[in-house]
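> Sequence and predicted structure, then a few things I'm wondering about:
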Amino acid sequence: MAQINENYLKLQAGYLFPEIGRRVREFQRENPHADVIKMGIGDVTLPLTPSVLRAFHEGVDEMAKAETFKGYGPEQGYDFLRDAIARSEYQSRGANIHADEIFISDGSKCDTGNILEIFGQNNIIAVQDPVYPVYVDTSVMGGRTGSYLKSGYYEGLVYMPCTSENGFIPEIPKERVDIVFLCYPNNPTGTTAGRQELKKWVDYARKNKVIILFDAAYEAYISDPDIPHTIYEIEGANEVAIEFRSLSKTAGFTGTRCAYTIIPKNLVGNAADGTEKPLYPFWYRRHTTKFNGVSYPVQKAAAAIFTPEGKKEVKSTIQYYMNNAKVLRESLAKLGFTVFGGQNAPYVWANSGRGIKSWDLFDKLLQEAHVVGTPGSGFGPSGEGYFRFSSFATHENVLKAMERLNKLKW
Ligand SMILES: *Cc1c(COP(=O)(O)O)cnc(C)c1O
């Protein structure tokens, strides 16, 4: 009889989004005529932009002719895309990242989930609380935690509370940790880390030989010139950090699938015999063994994002969402909520200020306003009392949702 991976038994059944889906479906079954506005899952709504679509179509047409047909491409991605990213996203910002340090993939969810594979089992992993659930659940699946505790935490993981008191920037852990997941601009809180805060983390990581796994999926939403777009804008970060970027939220690629991960060549880890080994060849080996590349038309479409025209289009899409975020921030504040985020990120993190628990607020908004958001406690115990509103809805729906909230009785 085949043995199961016992670690999967430790996972909590109520993974956040399925639970939201379940409650919404139940509500809709009982109220089939209710017009439910969904601002829960972080999925975009605007279509691909014209220059991206043009390149996508061209890519498909090339596949139709023997002379231009493409079979397997390089697992790490085509040079045309890696070069465009290195120039446009890194070198232009003074970050010394080269095209061959970029690995193209079909998503940051997979990359952030898979990256732990190249690290030893006994590393101590730290995560922000609240947190994007993927880092935690994949740590559990890989057997890097103990069991789930009543407190809402897994044994063996180090949780770093991110609260209004610390401006949603965690304190440096007091205990020894080896790997730290950081996400900025942050999902779920929509808050950002400035140069000084990131420098504090990079300096700590260099001094203590800690690896930072930096998820920058929302980098494109930064408009404040003082906020770094990449951790490699901080001196020495390429000795300690892996960065994850995705085109999902940047350019509406959630259904098209394309992302990239930066593994700097001078990043090292320790072997059991105490020698330092570069991590680059490990990820290279993993990626080329277990992955066969992103489809050619998708990479063509992705490259169009980094052309002047593509950049302009993407910027206007992002402005549309950020205008929604502004409406959310202002309306919620007027309703007495305390609001964070939503200025350099598409999420608004709001506390009702009425002492209501996150899931109770979820049920109230669903039942009484037919509005779906995401309960903050689903991202970790420090999210209790908070609620995440996503600006990825249509502008009309954002206005409608806020009008409905305005009519609620508390
Ligand atoms: C949406 C998101 C991603 C991107 O995931 P993809 O698999 O590239 O679509 C990564 N990290 C965070 C925190 C996200 O919210």
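Yep, it's here.
> Every contact and neighbour count from this point should use C-alpha atoms.
Fine.
> quick one, what contacts the residue nearest to P74 when sequence neighbours are not counted?
Nearest residue to P74 in three dimensions, chain neighbours excluded: G293, at 6.4 Å (Cα to Cα, 6 or more residues apart in numbering). Applying Cα atoms under 8 Å, 6 or more residues apart in numbering to G293 gives the contacts Y72, G73, P74, E75, Q76, G77, I104, S105, D106.
> try it again with 10 Å
Listed by Cα atoms under 10 Å, 6 or more residues apart in numbering, the contact partners of G293 are 72-78, 103-106, 287, 299.
> Mind checking which of these land in helices?
Under the assignment DSSP state H, the contacts of G293 contribute H287, Q299 to helices.
> Farthest-apart pair in the contacts of G293, please.
Pairwise distances across these (Cα to Cα) peak at 16.7 Å, for the pair H287 and Q299.
> So between those two, which is more surrounded?
When H287 and Q299 are compared for neighbours, Q299 comes out ahead with 26 against 20, by other Cα atoms under 10 Å.
> on that earlier part again, and the ligand, which of the contacts of G293 reach it?
Residues of the contacts of G293 in contact with the ligand (Cα under 6 Å from any ligand atom): none.
> ok, so of the contacts of G293, who is nearest the ligand?
D106 (6.8 Å; Cα to the nearest ligand atom).
> if we can go back for a sec, any idea which helix or strand carries the residue nearest to P74?
Using DSSP states H and E, G293 falls within no helix or strand.
> And it, what's its pLDDT?
As predicted, G293 sits at a pLDDT of 97.
> Walk me through the domains of the chain.
10-47+311-406, 52-308 (automatic domain parsing).
> quick revisit: could you dump the contacts of G293 into CSV with distance to G342 and pLDDT added?
Below are those laid out as CSV (distance: Cα to Cα, whole Å; pLDDT from 0 to 100):
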residue, distance to G342, pLDDT
Y72, 41, 97
G73, 39, 97
P74, 38, 97
E75, 36, 97
Q76, 34, 98
G77, 33, 98
Y78, 34, 98
F103, 30, 98
I104, 28, 98
S105, 28, 98
D106, 27, 98
H287, 34, 97
Q299, 30, 98
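> If any of the contacts of G293 are buried, put those into a PyMOL selection.
Here is the PyMOL selection string for the buried members of the contacts of G293, based on 16 or more other Cα atoms under 10 Å:
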select buried, resi 75+76+77+78+103+104+105+106+287+299
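> Show only the entries of the contacts of G293 found in strands.
Counting by DSSP state E, the contacts of G293 place F103, I104, S105 in strands.
> what residue ranges in the stretch 251-400 of the chain score low on pLDDT?
Within the stretch 251-400 of the chain, the set of residues satisfying pLDDT under 70 is empty.
> near the ligand, which residues of it?
Near the ligand, when you scan the stretch 251-400 of the chain using Cα under 6 Å from any ligand atom, you find T254, A259.
> one more time with 8 Å, if that's ok
When proximity is defined by Cα under 8 Å from any ligand atom, the stretch 251-400 of the chain lies next to the ligand at F253, T254, G255, R257, C258, A259.
> Now flag whichever of the residues you listed is closest to V339.
T254 (26.7 Å).
> As JSON lines, the domains of the chain with distance to A2 would be great.
Formatted as JSON lines, the domains of the chain follow (distance: least, Cα to Cα, whole Å):
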{"stretch": "domain 10-47+311-406", "distance to A2": "19"}
{"stretch": "domain 52-308", "distance to A2": "17"}
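> Could you report the distance from S147 to F244?
28 Å (Cα to Cα, to the nearest Å).
> Tell me which of these two has more neighbours.
F244 (24 against 16).
> now the more buried one, what's its secondary structure?
strand (DSSP: H, G, I helix; E, B strand; the rest coil).
> what's the answer for Q367, then?
With three-state DSSP as the criterion, Q367 was assigned helix.
> do the same with Y320
helix.
> If you tally nearby residues, what's the number for it?
Counted with other Cα under 10 Å, Y320 comes out at 17.
> Assess the claim that it and T394 are in contact.
Yes. Counting by Cα atoms under 10 Å, Y320 touches T394, with 8.8 Å between them.
> returning to that earlier point: with distance to G42 as extra columns, can I get the ones in strands among the contacts of G293 in JSON lines?
JSON lines is the format used below for the ones in strands among the contacts of G293 (distance: Cα to Cα, whole Å):
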{"residue": "F103", "distance to G42": "24"}
{"residue": "I104", "distance to G42": "22"}
{"residue": "S105", "distance to G42": "20"}
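> check contacts around the residue sitting nearest the centre point of the chain.
Residue closest to the mean C-alpha point of the chain, counted by Cα atoms, centre = their mean, is A217 at 4.5 Å. By Cα under 10 Å, 6+ apart, the contact set of A217 is 108-109, 183-187, 243-250, 259-260, 345.
> So which of the residues you listed sit within strands?
Going by DSSP E, the strands hold C183, E243, F244, R245, S246, A259, Y260 from the contacts of A217.
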